[in-house]
Each structure stands twice: as structure tokens, then as C-alpha cells.
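Visitor: coords below, sequence missing:
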């Protein structure tokens, strides 16, 4: 259980570090939401894949 909490914390900290640059690079709202959906999909696939390996 502790490892899962640490993984979530690390992921949130990583997103916190990356998000300002991501937002600055995607000033156009249409491009921003398109890239955001793509990255959420990638993160979702990684999380699902990690759960299958357990």
C-alpha cells in the first residue's frame, strides 16, 4: 500500500514540474486540449500496464 502512495506522489510531483512548460508550449487552447488528452491517454495506458504486471 505504501508503494502505491509513493508512486502517486511521484507522479503528481512530476506532473507539477512538467505542466508549466507544457502549458507555455501550448498557448492555443485547441492544441493544449488535444495534447492534454494524448498525454492523459499515455499515462492511463502506463498505469493499466503497470497494474497488469503485478
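Guide: Arrived safely. The structure displayed is predicted, hence computed values, not measured ones.
Visitor: any idea how far the residue most central in space within the chain lies from residue 14?
Guide: Geometric centre of the chain, nearest residue: residue 43, 5.0 Å, by CA atoms, centre = their mean. Note on residue 43: its distance to residue 14, by CB to CB, to the nearest Å, is 10 Å. In short, each C-beta sits where N, CA and C put it, glycine included.
Visitor: now swap in residue 51 and tell me
Guide: 19 Å.
Visitor: what do you get for residue 48?
Guide: 18 Å.
Visitor: Name all residues that make contact with the residue nearest to the centre of the chain.
Guide: When contacts are counted by CB atoms under 8 Å, 6 or more residues apart in numbering, residue 43 is found next to residue 11.
Visitor: that older thread, with neighbour numbers in mind, choose between residue 51 and residue 14.
Guide: Between residue 51 and residue 14, counting by other CB atoms under 10 Å, residue 14 is the more crowded of the two (11 against 8).
Visitor: Is that one inside a helix or a strand, and which specific one?
Guide: helix 2-25 (DSSP states H and E).
Visitor: how far is that helix from where the chain is centred?
Guide: Distance, stretch centre to chain centre, for helix 2-25: 7 Å (CA atoms, centre = their mean, to the nearest Å).
Visitor: what's in contact with it?
Guide: In contact with helix 2-25 (CB under 8 Å, 6+ apart) are residues 32, 35, 36, 39, 43.
Visitor: Let me see the mean pLDDT of that helix.
Guide: In this model, helix 2-25 has a mean pLDDT of 84.
Visitor: just stretch 33-51 next, same as before
Guide: Averaged across stretch 33-51, pLDDT comes to 89.
Visitor: From the chain's centre, how far out is that stretch? Work that out for me.
Guide: 6 Å.
Visitor: go on, stretch 43-54?
Guide: Worked out by CA atoms, centre = their mean, stretch 43-54 lies 13 Å from the chain centre.
Visitor: Kind regards, and thank you for your time.
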